[in-house]
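In: Pasting the sequence and the predicted model now:
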Amino acid sequence: MGVRGRGENGTGGGDMAVLVTGGAGYIGSHMVLALLDAGHEEVVVLDDLSTGFDWAVPEGVKLVVGDVADQALVTQTILQHRIDALAHFAARIVVPDSVSDPLGYYLANTVKTRSLIEASVRAGVRHVIFSSTAAVYGEPEVVPVPEDLPLKPINPYGRSKLMSEWMIADAAAAHGFSYVILRYFNVAGADPAGRSGQSTPNATHLIKVATQAALGQRERLDVFGTDYATPDGSCLRDYIQVSDLAAAHRVALDHLRAGGESLTLNCGYGRGYSVLEVIDVVKRLSGRDFEVRLCPRRPGDPAQIVAEAALIRDRLGWKPRHDDLDAIVAQALAWEQHLGKRNRL
Ligand SMILES: NC(=O)c1ccc[n+]([C@@H]2O[C@H](COP(=O)([O-])OP(=O)(O)OC[C@H]3O[C@@H](n4cnc5c(N)ncnc54)[C@H](O)[C@@H]3O)[C@@H](O)[C@H]2O)c1
Ligand SMILES: O=c1ccn([C@@H]2O[C@H](COP(=O)(O)OP(=O)(O)O[C@H]3O[C@H](CO)[C@@H](O)[C@H](O)[C@H]3O)[C@@H](O)[C@H]2O)c(=O)[nH]1
């Protein structure tokens, strides 16, 4: 372990590079933009394009198309591009899918992460940033949820991510790399400059689905459950804007490269909105009154999940700049319109 090398076609210069797995996807593409905007030019994306898009990777950024579990490819990429840090976004991400296909999720999110971490550590990666999720808390007894609450995920997706968290912490202790595990709450919105957004055609995320309904791309919106123990009976979520989340990764990278300690941090704003509140905002901002159907609960959904959001500000000095549901929904609507035009071309 710990042997570094350099391939014949290295990125060059003294700077080390970041490997972003899943960088052609929604959140990963925003991290690539955040790194470029901050002047980190040495970024390499590894993505199998299963849910991502090659056009989401900015020009000039190297895209390696392949699987994170392909250890030969990972090793070659790390050595060739002098990678010292790994930001691991690649995963399957849909909670109800994980309930119907748990083995697929444990393979994609746990087994493949094990393979990636092994290859990365062997090739000399020093720092790991891992995309975890609020789903590791399950149905929390305390809201807002602090990081040290007992972890009791209630769906295979959350368990697949929690196992990876444990694996990364154990491997870091044994092999001497440092890590930041970021537990995202509900990620939404788009790059305010319109360079990227949530582009998966069959995405299941509430704000995406609601904006598609508002723009006439879906017949209606189904609300999954109105009998929860919440103020209006629908589920409460803490929606974090995607560029704010990307900025959290950037400061996490700076922290680790400066020799900072390993951390596990919530990424949210600390305030919950109900499904019905979100729908109202989408209707108001779009000016469209689409059909909303009240449906039974969806399997695997916790009633409410809101971040205790102080630790990341304290430890990383992270300051959100887009904590505003109206702005998040407006960005999502603008991105959906952009995609609509793009698809008609
Ligand atoms: N979107 C959210 O609200 C949310 C919340 C919490 C955590 N997360 C986590 O954030 C990360 C990114 O999610 P996203 O919303 O950007 O999803 P996404 O589907 O847009 O991005 C995932 C990317 O990973 C790629 N990928 C998947 N499996 C791969 C593999 N085996 N090898 C190489 N590439 C692979 C896909 O092609 C895609 O580009 C995931 O780890 C997810 O669990 C997302
Ligand atoms: O058409 C829809 C879509 C969603 N919802 C509800 O809206 C809420 C949010 O759902 P969704 O946007 O699908 O996100 P979550 O299931 O909360 O999961 C997201 O947020 C988690 C962190 O909280 C991440 O781990 C997951 O990857 C990410 O998909 C839930 O109550 C859903 O039941 C609806 O009522 N109708």
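Out: Arrived safely, thanks for sending. Ligands and ions are numbered 1, 2, ... in the order given.
In: so what's the closest residue to residue 291 other than its chain neighbours up against?
Out: Closest residue to residue 291 apart from its sequence neighbours, by C-beta to C-beta, 6 or more residues apart in numbering: residue 220 at 3.7 Å. All C-beta spots, glycine's among them, are computed from the backbone N, C-alpha and C. For residue 220, the contact set (C-beta atoms under 8 Å, 6 or more residues apart in numbering) comprises 213, 290-293.
In: which ones among those are found in helices?
Out: residue 213 (DSSP state H).
In: Whichever of the contacts of residue 220 end up buried, select them in ChimeraX.
Out: Typed into ChimeraX, the line below selects the buried ones among the contacts of residue 220, using 16 or more other C-beta atoms under 10 Å:
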select :213,290,292
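In: can I get the contacts of residue 220 in CSV with pLDDT?
Out: Output for those, formatted as CSV (pLDDT from 0 to 100):
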residue, pLDDT
213, 97
290, 97
291, 98
292, 98
293, 98
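In: Among the contacts of residue 220, name the ones in strands.
Out: Under the assignment DSSP state E, these contribute 291-293 to strands.
In: out of these, which one sits closest to residue 98?
Out: Of all the ones in strands among the contacts of residue 220, residue 98 sits closest to residue 293, with 23.9 Å by C-beta to C-beta.
In: my guess is residue 334 meets residue 196, correct?
Out: No. Using C-beta atoms under 8 Å, residue 334 is not in contact with residue 196, being 11.8 Å away.
In: Return every residue with contacts to both of the two.
Out: Contact criterion C-beta under 8 Å, 6+ apart; residues shared by residue 334 and residue 196: residue 190.
In: between the two, which one's more packed in?
Out: residue 196 (27 against 17; other C-beta atoms under 10 Å).
In: So that one: helix, strand or coil?
Out: Using DSSP: H, G, I helix; E, B strand; the rest coil, the structure places residue 196 in coil.
In: do you know how far the residue lying closest to it once chain neighbours are set aside is from ligand 1?
Out: Among residues not flanking residue 196 along the chain, residue 29 sits closest, at 4.5 Å (C-beta to C-beta, 6+ apart). To ligand 1, residue 29 is 8 Å away according to C-beta to the nearest ligand atom, to the nearest Å.
In: before we move on, what about residue 243?
Out: From residue 243 to ligand 1 the distance is 13 Å (C-beta to the nearest ligand atom).
In: Which pLDDT value belongs to that residue?
Out: Residue-level confidence at residue 243 comes out at 98, pLDDT.
In: From the contact counts, what lies against the host helix or strand of it?
Out: Secondary structure from DSSP states H and E places residue 243 in helix 242-257. Counting contacts by 3 or more C-beta pairs under 8 Å, 6 or more residues apart in numbering; DSSP states H and E, helix 242-257 is packed against helix 26-37, strand 83-88, strand 127-133, strand 178-184, strand 186-188, strand 263-267, helix 310-316.
In: nearest to residue 65, of the ones you listed?
Out: helix 26-37 (13.8 Å).
In: Going C-terminal from that closest one, what's the next secondary structure element?
Out: That would be, after helix 26-37 and using DSSP H and E, strand 43-47.
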